[in-house]
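[1] Model the following, please.
(one chain, ligands or ions: 2)
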Amino acid sequence: MAELVFFSGTMDSGKSTLALQTDHNHAARGRTGLIFTREDRAGTSRLSSRLGLEVDAREVTDTTDFWDVVATERLTGRLVDYLVCDEAQFYSRDQVEQLARLVDEVEIDVFAFGITTDFRTRLFPGAERLIELADRIEVLQVQSLCWCGARATHNARTVDGRMVVEGDQVVVGDVAGAPDGARVAYEVLCRRHHMRRMTADVARWRSAGDPVLDL
Ligand SMILES: Nc1ncnc2c1ncn2[C@@H]1O[C@H](COP(=O)(O)OP(=O)(O)O)[C@@H](O)[C@H]1O
Ligand SMILES: Cc1cn([C@H]2C[C@H](O)[C@@H](COP(=O)(O)O)O2)c(=O)[nH]c1=O
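    Ligands and ions are numbered 1, 2, ... in the order given. Take a look at the predicted model:
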C-alpha cells in the first residue's frame, strides 16, 4: 500500500541527502519517480545536499497541481511509482492534499522532506498539513546540534549576525553564514537557547564578558 511519509528535521539535518538517497534506491529497483523541490538554495529546479550531490528537479510554484502533473505523465505513457518532494514546508496546504490524494487514489508513494517550524517557531503551512495527513512522520536520525551540544530542535534566523523573531516567513538562506551581499543566515539551536535568543555568537560574547554589547 502506498504511503505519504513526512521526513522532518531542522535545517542541516540531512533531509535533502536522504531525499537523494531515497530516489536513488527506488530508481535502482526500476521504479519511476519524479523529484520536486521549491526554492532550494542551489537555485531553481535543483535539489541539492550539503554533502555535494545535486540533481535536476521540478520546481514547485504556487500554481503547481501535483494531480495534473501526474495525469500529464500518464497521458504520455509514463507511469509514476513515487514522488520525492523536498522543501515541502513551502508547499501549500492544497498541494499537500493533492499529494495525499495521489497516495490514496493512484497508489503513488510520496516521500516528503522539510523543516516543520520557521524562525519564529511557527509551523509552515505545508509542514502543518503534512503533520495532519501523513501516514508516518520520520524524524531524521542524524542529530544536528546546538552550540551547547544538545540536540538542535529549532531554526533561528539572524540578520547581520543578530537573532530576529520578526520578518517574512520565507527567506532562502543557509546555516553556513550569510553569503556575500546577503544579511540573512540561519543557525540551529535547542529550544532553551532559541527561547533565550542565545546564538553561538551571543554565548561567546557573554563568556568573554563583553561590556559593550547590550544583549
Ligand atoms: N563536509 C561534510 N562532511 C560530512 N558530512 C557533512 C559535511 N557537510 C555536511 N555534512 C552533513 O550533511 C548534513 C546536511 O545535509 P543536507 O541534506 O544538506 O541537510 P538538510 O537538507 O536537512 O538541510 C549535515 O547535517 C551533515 O551531517
Ligand atoms: C527557518 C526558516 C528557513 N527558511 C528557509 C531557509 C532555507 O532556504 C530553507 C530550509 O532549507 P534546509 O534544506 O532545510 O536547510 O528554508 C525560511 O525561509 N524561513 C525560515 O523561517
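
[2] Show me the residue at the heart of this structure, geometrically.
    Central residue of the chain (Cα atoms, centre = their mean): residue 114, 2.8 Å from the mean position.

[3] hey, what's it bridged with?
    Under DSSP bridges, the beta-bridge partners of residue 114 are residue 8.

[4] For it, list the residues it contacts.
    Residue 114 makes contact with 6-8, 15, 86-90, 124, 126-127, 130, according to Cβ atoms under 8 Å, 6 or more residues apart in numbering. No exception for glycine: its C-beta is placed from N, CA and C like everyone else's.

[5] who does the helix or strand where residue 102 lies touch, helix- and strand-wise?
    According to DSSP states H and E, residue 102 maps onto helix 93-106. Here helix 93-106 touches strand 4-8, helix 66-75, strand 82-85, strand 109-114, helix 125-133, going by 3 or more Cβ pairs under 8 Å, 6 or more residues apart in numbering; DSSP states H and E.

[6] Please compute how far the first one lies from its chain's middle.
    Its chain's average C-alpha position is 11 Å from that of strand 4-8, according to Cα atoms, centre = their mean, to the nearest Å.

[7] neighbouring contacts of it?
    With Cβ under 8 Å, 6+ apart as the criterion, strand 4-8 contacts 15, 18-19, 88, 99-100, 103, 109-116, 127, 130-131, 133-140.

[8] swap in stretch 52-66?
    So stretch 52-66 is contacted by 17, 20, 23, 34-38, 40, 42, 44-48, 69, 83, 85-87, 90-92, 95, 98-99, 102 (Cβ under 8 Å, 6+ apart).

[9] pLDDT below threshold where in the chain?
    210-215 (pLDDT under 70).

[10] Helices along that one, start to end?
    15-28, 66-75, 93-106, 125-133, 191-195, 200-207 (DSSP state H).

[11] which bits of the chain sit near ligand 2?
    Proximity of the chain to ligand 2, by Cβ under 6 Å from any ligand atom, involves residues 11-12, 15-16, 41, 115, 118-119, 155, 157, 169-173, 186.

[12] Return a selection command, for use in ChimeraX, containing the buried ones of those.
    To isolate the buried members of these in ChimeraX, using 16 or more other Cβ atoms under 10 Å:
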select :11,12,15,16,115,118,119,155,157,171,173,186
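
[13] Also near ligand 1: which of the residues of the chain next to ligand 2, exactly?
    With Cβ under 6 Å from any ligand atom as the criterion, the residues of the chain next to ligand 2 include 11-12, 15-16 near ligand 1.

[14] Could you list the domains of this protein?
    4-139, 154-207 (automatic domain parsing).

[15] Out of the ones you listed, which is the most enclosed?
    With neighbours taken as mean count of other Cβ atoms under 10 Å, these reach their highest mean count in domain 4-139, at a mean of 18.

[16] picking that back up, would you reformat the ones next to ligand 1 among the residues of the chain next to ligand 2 as CSV and include distance to residue 196?
    Converted to CSV, those look like this (distance: Cβ to Cβ, whole Å):
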residue, distance to residue 196
11, 19
12, 21
15, 26
16, 29
